[in-house]
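**Student:** my questions concern the predicted model and sequence given below.
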Amino acid sequence: MAKVKKIAVLRGDGIGSEVVTEALKVLEKCESLFDVKFEIEEGLFGGIAIDEAGSPLPSSTLELCKKADAVLLGAVGGPKWDNNPKELRPETGLLALRKELGLYSNIRPAVVFDCLMDASTIKPEVLKGTDMIVVRELTGGIYFGDKFRKDTAEGQVAVDTCAYSESEVERIVTQAFEIARKRNKKLASVDKANVLETSRLWREVVEKVATDYPDVELEHVLVDNCAMQLLRRPASFDVIVTENMFGDILSDEAAMLTGSIGMLSSASLGEGSFGLYEPVHGSAPDIAGEQLANPIATILSLALMFQLSFDEQEIASTIEKAVKKVLDDGNRTSDIAVSPESKLTTSQMGDAIVEAMGTV
Ligand code: NAD
């Protein structure tokens, strides 16, 4: 009996719709190759939802997502809505969706494909074998602490408060250990424990949780050192877990090891196995509707969905292997193309990956 998974699909704006179309082809192929079935329902979200339903996150879309096992999102935003009041901006819908779904961690893989190593600014011999995941705490820390200014004799003083509770740290660190256990069993916990009290608590909690994961090798890395080591020995990292602001910066640094934004997938997770999966890139209004978008980031986000929400490692690995094969065979969308003649459209790239899934 095939397992039925409910997936809420939000195409969003710009290239969102084009890249999601290709991901849906991949899901269809999964049904024919494996013992899985999907119940797919689409919802309005972002700028298009403002135009058609008067809100970037209509209540029907929120309900759809809450009832689903996972959400696949394209991208939202565009110049058309840039000057709207805050409540009528696509990004407001995105923040509200993450909050309503209780998503407290952001997962960003950084994988270097051998055949695309030249697209990176880092030397190939340093990059080779890089395949890591950055797990970032998303709802606590300095971005959400009290902020205020006060007048003093020295002029204005601005204060941003950074706070973390034991339970906030424990849930994200546990999630990171679980992810590491499913991968190469190495976890780097990044903090600034030589200076910050929140980091000292963070480290204590990591040590406590680690006793449940004796099979996972743990290292503590200070954030400034981690920024350097990502450039010096990127291939030595497996899973990195860190607090909100450090993760914001380090996940962008790790992402840039790999080259093109069209290749970067992401997941946001909450309690249980539910997750929201989306490419890191935005709606790319400059190329929207032209079949120029690279759908690989969205297709790799699906692989993450199988890995993290559905625990279907074989399907995840089939998608990843198919992407690798297609790239090894020289197929390229324009963002990663070496010569203009070899370029594939968005749809051709999706088709090539679907075809490769049957052969890897
Ligand atoms: P962007 O990621 O949309 O585009 C940046 C550059 O990368 C552009 O030149 C674009 O053509 C290119 N690019 C992006 N994705 C690509 C792909 N799959 N294939 C090939 N090239 C690709 O970032 P931006 O231009 O700063 O933002 C455009 C809109 O997207 C804005 O409204 C922004 O708010 C929104 N945005 C949304 C999200 C999201 O939905 N999560 C994330 C970032 C930006």
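**Tutor:** Good, I have the coordinates. Predicted model, so just to flag it, every value in this text is computed and none were measured.
**Student:** what segments of the stretch 251-360 of the chain are strands?
**Tutor:** If DSSP state E, counting those that start in this stretch is used as the criterion, the strands of the stretch 251-360 of the chain fall at 265-269, 275-279.
**Student:** okay, which residue is most central for this structure?
**Tutor:** Ser266 (1.2 Å; CA atoms, centre = their mean).
**Student:** for this structure, which residues are neighbours of the ligand?
**Tutor:** Counting by CB under 6 Å from any ligand atom, the positions of the chain adjacent to the ligand are 15, 75-78, 91, 94, 261-262, 278, 281-287, 293-294, 297, 335. (Glycine included, C-beta is placed from N, CA and C.)
**Student:** tell me which of these fall in helices.
**Tutor:** Counting by DSSP state H, the residues of the chain next to the ligand place 91, 94, 297 in helices.
**Student:** can you give me the helices in the stretch 51-200 of the chain?
**Tutor:** 59-67, 90-100, 124-127, 166-182, 197-210 (DSSP state H, counting those that start in this stretch).
**Student:** related to what we said a few turns ago, which of the residues of the chain next to the ligand are buried?
**Tutor:** Buried subset of the residues of the chain next to the ligand (neighbour count, 16 or more other CB atoms under 10 Å): 15, 75-78, 91, 94, 261-262, 278, 281-285, 287, 293-294, 297, 335.
**Student:** in the stretch 251-360 of the chain, what residue is nearest the ligand?
**Tutor:** Gly282 (2.4 Å; CB to the nearest ligand atom).
**Student:** chain neighbours aside, what residue packs nearest to that residue?
**Tutor:** Excluding its sequence neighbours, the residue lying closest to Gly282 (CB to CB, 6 or more residues apart in numbering) is Ala75, at 5.0 Å.
**Student:** which ones are touching the one you found?
**Tutor:** For Ala75, the contact set (CB atoms under 8 Å, 6 or more residues apart in numbering) comprises 12-16, 19, 46, 278-279, 281-284.
**Student:** mean pLDDT for the helices of the stretch 51-200 of the chain - can I get that in TSV?
**Tutor:** Below are these laid out as TSV (pLDDT from 0 to 100):
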stretch	mean pLDDT
helix 59-67	98
helix 90-100	92
helix 124-127	93
helix 166-182	96
helix 197-210	98
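**Student:** any idea how far the nearest residue to Leu127 once chain neighbours are set aside is from the ligand?
**Tutor:** Leaving aside its sequence neighbours, Leu127 sits nearest to Val112 (CB to CB, 6+ apart; 4.9 Å). Distance of Val112 to the ligand, given as CB to the nearest ligand atom, to the nearest Å: 18 Å.
**Student:** which strand runs longest in the protein?
**Tutor:** strand 3-12 (DSSP state E).
**Student:** and it, what's buried?
**Tutor:** 5, 7-12.
**Student:** Arg181: which of those is nearest?
**Tutor:** The nearest member of these to Arg181, counting by CB to CB, is Lys5 at 22.5 Å.
**Student:** surely that closest one is in contact with Ile40?
**Tutor:** No: using CB atoms under 8 Å, Lys5 is not in contact with Ile40, being 9.2 Å away.
**Student:** the ligand versus the nearest residue to Arg136 once chain neighbours are set aside, what's the distance?
**Tutor:** Distances taken as CB to CB, 6+ apart place Gly247 nearest to Arg136, at 2.7 Å, with adjacent residues excluded. Separation of Gly247 from the ligand (CB to the nearest ligand atom) stands at 16 Å.
**Student:** number the residues from 61 up from this point.
**Tutor:** Noted, 61 is the first residue going forward, which turns the last one into Gly307.
**Student:** ok, now which ones touch the one residue in the stretch 111-260 of the chain that gets nearest to the ligand?
**Tutor:** Minimum separation of the stretch 111-260 of the chain from the ligand (CB to the nearest ligand atom) falls at Gly137, amounting to 2.5 Å. For Gly137, the contact set (CB under 8 Å, 6+ apart) comprises 72-74, 106-107, 150-151, 342-343, 345.
**Student:** quick one on the thing from earlier: rebuild the buried residues of strand 63-72 as TSV, extending it with distance to Leu117.
**Tutor:** Below are those laid out as TSV (distance: CB to CB, whole Å):
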residue	distance to Leu117
Lys65	23
Ile67	18
Ala68	12
Val69	15
Leu70	9
Arg71	14
Gly72	11
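**Student:** out of these, who's nearest the ligand?
**Tutor:** Gly72 (6.2 Å).
**Student:** before we move on, the earlier item: who are the contact partners of the residue nearest to Arg196?
**Tutor:** Gly307 touches 166, 194-198, 250, counting by CB under 8 Å, 6+ apart.
**Student:** tell me the spacing between it and Ala236.
**Tutor:** 11 Å (CB to CB, to the nearest Å).
**Student:** list the residues that contact both of the two?
**Tutor:** Val195.
**Student:** and the residue of the chain most remote from its centre, how far is that from Asn254?
**Tutor:** Relative to the C-alpha centroid of the chain, counting by CA atoms, centre = their mean, Ala213 is the outermost residue, at 45.4 Å. Distance of Ala213 to Asn254, given as CB to CB: 31 Å.
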